[in-house]
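Enquirer: Below is the sequence, then the predicted model.
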Amino acid sequence: MHGDLLKQILNSVREGSTSVDEAMSRLEHLPFEALDFANVDHHRAMRCGFPEVIFCPGKTAPQVATIFSRLAAAGGNVLATRATAEQYAAVRAGHGSAEFFESARCITLRQTPAKPSTGVIALVTGGTSDMPVIEEARVTCEIMDQRTQKFYDVGVAGIHRLLSQSRELRAARVVIVAAGMEGALASVVGGLVDAPVIAVPTSIGYGAHFQGLAPLLTMLNSCATGVAVVNIDNGFGAGFLASRINRLAEGASG
């Protein structure tokens, strides 16, 4: 059905009854590939600027490998998040150049030449324990061609560590802050920079931390302006949002 409709659109463009812009508008909603267990969205990149991303939990290794292969066949870069070593082994059997980032729990396949951004996305963590979340953000940013700079383990318990790098931090176009415990780091960073700050509460902390709820509420109640918050441990969401902001800024400056 999608093939017939695509042919119809292309013929109408050739005949002049449909403009290129109108055709692009119609193609933004097509097509998806129906599998027994998933509908693979092949036009996500056209609509949203990056191909569909695979969320691996709850999927078997063969399912992840199949979806990965279908997305790779379209020729774009592929990202799978929250992946296990078993799922990576299944993917790698069909795509030897796929990479597994163990800390980030991400699988990537780069098929298009890298075009690094001009602007930098700063990656900030309160502690080393927050690294899996920020690494998920980093891998997301970098597969989307965004330059990143790390500022790890600079939490408020030793605020001098952050302040010593404030000049470099202020040079970033977007800042992602991942912090657990009470989550105050996002507010501190928000008071130091004029760039958008994306705060990621992590499920790292002691008892009353409530698996990330405490830093989530702290970040939502930040007194620093320019701080937005994603969900607990959502490094991917933060990285994707930061990449979109940076892409828009690149387009505006170009």
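Expert: Good, I have the coordinates.
Enquirer: so how far is residue 145 from residue 115?
Expert: Using CB to CB, to the nearest Å, residue 115 is found at 5 Å from residue 145. Using the backbone N, CA and C atoms, a C-beta is placed for each residue, glycine as well.
Enquirer: Check residue 71 too.
Expert: Distance from residue 71 to residue 145, by CB to CB: 17 Å.
Enquirer: If you count surrounding residues, which of the two has more?
Expert: Taking neighbours as other CB atoms under 10 Å, residue 71 and residue 145 compare with residue 71 leading, 26 against 19.
Enquirer: What distance do you get for that one to residue 236?
Expert: 16 Å.
Enquirer: so residue 226 makes contact with residue 197?
Expert: Yes: assessed by CB atoms under 8 Å, residue 226 is found in contact with residue 197 at 5.7 Å.
Enquirer: In terms of packing, which of those two has more residues around it?
Expert: Neighbour comparison, residue 226 and residue 197: the larger count goes to residue 197, with 30 against 14 (by other CB under 10 Å).
Enquirer: Would you map out the domains in the chain?
Expert: Here the domain assignment for the chain is 31-109, 120-253, based on automatic domain parsing.
Enquirer: Lowest average pLDDT across these?
Expert: If you rank these by mean pLDDT, domain 31-109 sits at the bottom with a mean of 90.
Enquirer: number of nearby residues for residue 244?
Expert: 16.
Enquirer: what residues are up against residue 103?
Expert: 131, 132, 135 (CB atoms under 8 Å, 6 or more residues apart in numbering).
Enquirer: circling back: out of the domains of the chain, which gets nearest to residue 18?
Expert: domain 31-109 (16.7 Å; CB to CB).
Enquirer: starting at the chain centroid, how far to that closest one?
Expert: Distance of domain 31-109 from its chain centroid, counting by CA atoms, centre = their mean, to the nearest Å, is 14 Å.
Enquirer: got the end-to-end distance for it?
Expert: 22 Å (CA to CA, to the nearest Å).
Enquirer: Repeat that for stretch 8-25.
Expert: 14 Å.
Enquirer: So which of the contacts of residue 103 belong to helices?
Expert: 131, 132, 135 (DSSP state H).
Enquirer: neighbour-wise, which of the residues you listed leads?
Expert: residue 135 (23 neighbours).
Enquirer: That residue: what's it in contact with?
Expert: Residues in contact with residue 135 (CB under 8 Å, 6+ apart) are 101, 103, 104, 106, 235.
Enquirer: List buried residues within these.
Expert: 101, 104, 106, 235 (16 or more other CB atoms under 10 Å).
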